[in-house]
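> Let me see the structure of the following:
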Amino acid sequence: MKTSCAVWSPIGSGKSFRAILSLRETVVLASVAENAIRKDIEDKILWPVRCEHNDSKPSFRWVDVFLLAAVYGSHHLSKKMRKIALDSLENCVAPSYRRSAVCLPQMDYDCEIWEKPSDLITDCHAMTLGGYVYLDFGRVRDDLTPRVDLYARGLSKTDERPGTFGGEAVFKNTRLPVRHIGKMASSGEALVSILEDYPYLSEDDVTFAKLYAEAHPNIGRPPLRQGETSGGKIPSG
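Residues are numbered from 1 along each chain as shown. Okay, here's the model as predicted:
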């Protein structure tokens, strides 16, 4: 695994991307329930990455997207089976990127890798977890590769700068917020219309933006209900 300092390059030419993902990004890409992941973290079944800059928030390796999709994509695995599966699937990860080889505490959002995330999975086979339980990890990898690799390519073409939209992620060499495009796509705006308005974007850019917006929801005060005041109470009378 190669790491480097952050590299800035024009839109469409990025080749590197963040080495780790947030919990929200991971569950969106894996299409699994976030509450199930959090519960197993609490129960010490699952071990996330703890970043040096933010020790309180769990993060994950890119390969964990594939591993979590394989384990939590099914509701039929017991807690014991999930632990066995997670330990067994670690052997499918490229040796230089396994937990036993990578210095995970030193990984941070400033680190980058150059390989495609799917290339970090090197051994895909059906495995027996016990009795009659089989897990077809090769199928999991094939199903997730297009989405995960597309998201990685998208990240390599974005930039976050304090002086641009308050640090909001934008497409490189533009002032166009990624979430703005993602929200347009999610709200039903036709792809052809988006590409006509922003001809320097590609279809993949729009798909990435939609994923990015889902993985980075706006966090703020929920909208007030009818008749509710900013203090949170509905006035009587």
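> burial count for the residue lying closest to Pro58 once chain neighbours are set aside?
Counting by Cβ to Cβ, 6 or more residues apart in numbering, Pro48 is the residue found nearest to Pro58 once chain neighbours are left out, at 3.3 Å. C-beta coordinates here come from the backbone N, C-alpha and C atoms, glycine included. Residues contacting Pro48 under the criterion other Cβ atoms under 10 Å number 20.
> Tell me which residues touch Pro48, please.
Going by Cβ atoms under 8 Å, 6 or more residues apart in numbering, Pro48 touches Leu23, Ile41, Pro58, Ser59, Phe60.
> Let's see that with 6 Å instead.
The neighbourhood of Pro48, defined by Cβ atoms under 6 Å, 6 or more residues apart in numbering, consists of Pro58, Ser59, Phe60.
> Let me know how buried the first one is, in neighbour terms.
By other Cβ under 10 Å, the residues close to Pro58 number 18.
> what does Val192 give?
9.
> quick one: it and Asp204, what's the gap?
Per Cβ to Cβ, to the nearest Å, Val192 is found 15 Å from Asp204.
> Would you point out which residue is most central in the chain?
Glu25 (2.6 Å; Cα atoms, centre = their mean).
> List the contacts of the residue nearest to it when sequence neighbours are not counted.
Among residues not flanking Glu25 along the chain, Ala215 sits closest, at 4.3 Å (Cβ to Cβ, 6+ apart). Residues near Ala215 by Cβ under 6 Å, 6+ apart: Arg24, Glu25, Val28.
> where along the protein do the helices fall?
Per DSSP state H, the chain carries helices over the ranges 23-30, 34-42, 63-72, 79-89, 137-155, 178-186, 191-197, 203-215.
> What is the fifth one packed up against?
Of the remaining helices and strands, those touching helix 137-155 by 3 or more Cβ pairs under 6 Å, 6 or more residues apart in numbering; DSSP states H and E are helix 63-72, helix 203-215.
> List the buried residues of it.
137, 140-141, 143-145, 147-155 (16 or more other Cβ atoms under 10 Å).
> again, but for the second one
Neighbour counts using 16+ other Cβ under 10 Å place Ala36, Ile37, Asp40 of helix 34-42 among the buried residues.
> between these, which is closest to Leu120?
Ranked by distance to Leu120 (Cβ to Cβ), the buried residues of helix 34-42 are led by Ile37 at 19.8 Å.
> Cheers, nothing more for now.
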